[in-house]
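A.B. asks: any chance you could fold what I've pasted below:
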Amino acid sequence: MAYEQEKQVAMQATLAAAKLCQRVRQDIPPAMEKSDKSPVTVADYGAQSLVCKALGEAFPNDPIVGEEDATALRSPEYEASRQKVVSYVREIEANASETEILNWIDRGNGQVAPRFWTLDPIDGTKGFLRQDQYAIALALIEDGEVKVGVMVCPALSLTSDDPGTLFVAVRGEGSQMMAITEGELKPIRVCGVEDVSKLRVVESVEASHGNPEQQQKLLDAVGITTPSLHMDSQAKYGVVAAGDAALYLRLPSADRPDYRENIWDHAAGAIVVEEAGGRVSDMYGQPLDFSRDVKLRETRGVIVSNGIIHDRVLEALKR
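C.D. replies: You can find the predicted model right below:
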């Protein structure tokens, strides 16, 4: 099977990162102000260090384009945060030195290349803080195409009573998911037209991440009347891939006309949906281009669907 080593390494690395993130989240006071991002920063750094360590050992020639770097963490004023990162990482990598941990984080400073990985150590910061949805998202991109994608969503329960779901896809081999406590991968498919209850949209909790007014007009035009799901992070891609929703919309916000999406916010989720039988495009029907930069500079809006309703959504957007 193609990319089997990449798949296995990515799964184990993201599961280790999820374990660290859950450990950090246990220590967040329930009444913590959202403006205090220190626990998120600690978890981001720790998760990135573990994933980059695993990838660096298995694929030393592959660049990693991650969201974090250790520049600030190395400075004296970040001493307390640095020691927290080291402490959490050592719960999983007991013999890791501070220097090694910081260097692992900085392996995420790579550049877009013919073959590279892209990593979001915590996708869904506000969901993480409020004890809601977030994801550790990792994808391998080769010649501009996502070949492997893994998302671990520690608070998303789709297969059992235990929270936590892992999604994985390899190009040409379909998508799978498993409960992170069970370890048995099962194939997943997007929903069909016959399941009207699943003909619903999943949207971001944060209104600023999209264009709620335009999105509602679009749903009215397409004929989707089932109440929407709202959640943070690329867990939304997982919900569409698993057939629990038919559509995920992220239309450009009128308040942020110059905003462009980061590749690590979509690469892993995109392949999981596509390999489950769905479709991912921008609002003009063009595929997302992960080959050029850390930003999707030519992309406006993101439409994720079960494939069946995709053209209908695009036509409604034109109108």
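
A.B. asks: please make it C-alpha for all contacts and neighbour counts, starting now.
C.D. replies: OK.

A.B. asks: tell me where the stretch 101-250 of the chain has helices.
C.D. replies: For the stretch 101-250 of the chain, the helices defined by DSSP state H, counting those that start in this stretch occupy 125-129, 212-222, 235-241.

A.B. asks: what are the contacting residues of the last one?
C.D. replies: So the one you mean is helix 235-241. Around helix 235-241, the neighbours that count as contacts under Cα atoms under 8 Å, 6 or more residues apart in numbering are 133-135, 151, 153, 156, 167, 175, 188-191, 202-203, 245-248, 269-270, 272-274, 276-278, 304-306.

A.B. asks: ok, of those residues, which come out buried?
C.D. replies: The neighbour count (16 or more other Cα atoms under 10 Å) marks 133-135, 151, 153, 156, 167, 175, 188-191, 202-203, 245-248, 269-270, 272-274, 276-278, 304-306 as buried among the contacts of helix 235-241.

A.B. asks: keep only those of those that are in strands.
C.D. replies: Mapping the buried ones among the contacts of helix 235-241 onto strands (DSSP state E) picks out 135, 151, 153, 167, 175, 188, 202-203, 247-248, 304-305.

A.B. asks: export those residues to CSV and tack on distance to residue 83 and pLDDT?
C.D. replies: Listed next are those as CSV, based on distance: Cα to Cα, whole Å; pLDDT from 0 to 100:
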residue, distance to residue 83, pLDDT
135, 24, 97
151, 27, 98
153, 26, 97
167, 32, 98
175, 38, 98
188, 41, 98
202, 38, 92
203, 37, 86
247, 42, 94
248, 39, 95
304, 40, 97
305, 43, 96
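
A.B. asks: list the contacts of residue 292.
C.D. replies: Taking Cα under 8 Å, 6+ apart as the definition of contact, the neighbours of residue 292 are 112, 144.

A.B. asks: is residue 81 in a helix, a strand, or coil?
C.D. replies: Following DSSP: H, G, I helix; E, B strand; the rest coil, we place residue 81 in the helix state.

A.B. asks: just give me the neighbour total for it.
C.D. replies: As a burial measure, the neighbour count of residue 81 was computed by other Cα atoms under 10 Å and equals 18.

A.B. asks: so what pLDDT did the nearest residue to it once chain neighbours are set aside get?
C.D. replies: On the basis of Cα to Cα, 6 or more residues apart in numbering, the spatially nearest residue to residue 81 that is not a chain neighbour turns out to be residue 42, at 6.5 Å. Residue 42 carries a pLDDT value of 92.

A.B. asks: same thing with residue 39?
C.D. replies: 74.

A.B. asks: in a strand, residue 62, correct?
C.D. replies: No - remark: residue 62 does not belong to a strand; assigned using three-state DSSP, it is coil.

A.B. asks: right, and it touches residue 115 too?
C.D. replies: Yes - the pair residue 62 and residue 115 qualifies as a contact (Cα atoms under 8 Å) at a distance of 6.6 Å.

A.B. asks: what about the closest residue to residue 139 other than its chain neighbours, neighbour count?
C.D. replies: Spatially, and ignoring its direct neighbours in sequence, residue 139 is nearest to residue 149 (4.3 Å; Cα to Cα, 6+ apart). The tally of other residues near residue 149 (other Cα under 10 Å) stands at 29.

A.B. asks: measure residue 149 to residue 262 for me?
C.D. replies: From residue 149 across to residue 262, the span is 16 Å (Cα to Cα, to the nearest Å).

A.B. asks: any idea how far residue 304 is from residue 220?
C.D. replies: The value you get for residue 220 to residue 304, if Cα to Cα is used, is 17 Å.

A.B. asks: one more: residue 131?
C.D. replies: Residue 131 sits at a distance of 25 Å from residue 304 (criterion: Cα to Cα).

A.B. asks: my read is that residue 303 contacts residue 282, right?
C.D. replies: Yes - under the criterion of Cα under 8 Å, residue 303 is in contact with residue 282, at a separation of 5.7 Å.

A.B. asks: which of these two has more residues huddled nearby?
C.D. replies: For residue 303 versus residue 282, the count of surrounding residues by other Cα under 10 Å is larger for residue 303: 23 against 20.

A.B. asks: which residues touch residue 97?
C.D. replies: Listed by Cα under 8 Å, 6+ apart, the contact partners of residue 97 are residue 86.

A.B. asks: over to it: give its phi and psi.
C.D. replies: For residue 97, the backbone dihedrals (degrees, to the nearest 10) come out as phi -90, psi 160.

A.B. asks: so what's the residue count around residue 145?
C.D. replies: Neighbours of residue 145 under the rule other Cα under 10 Å: 17.
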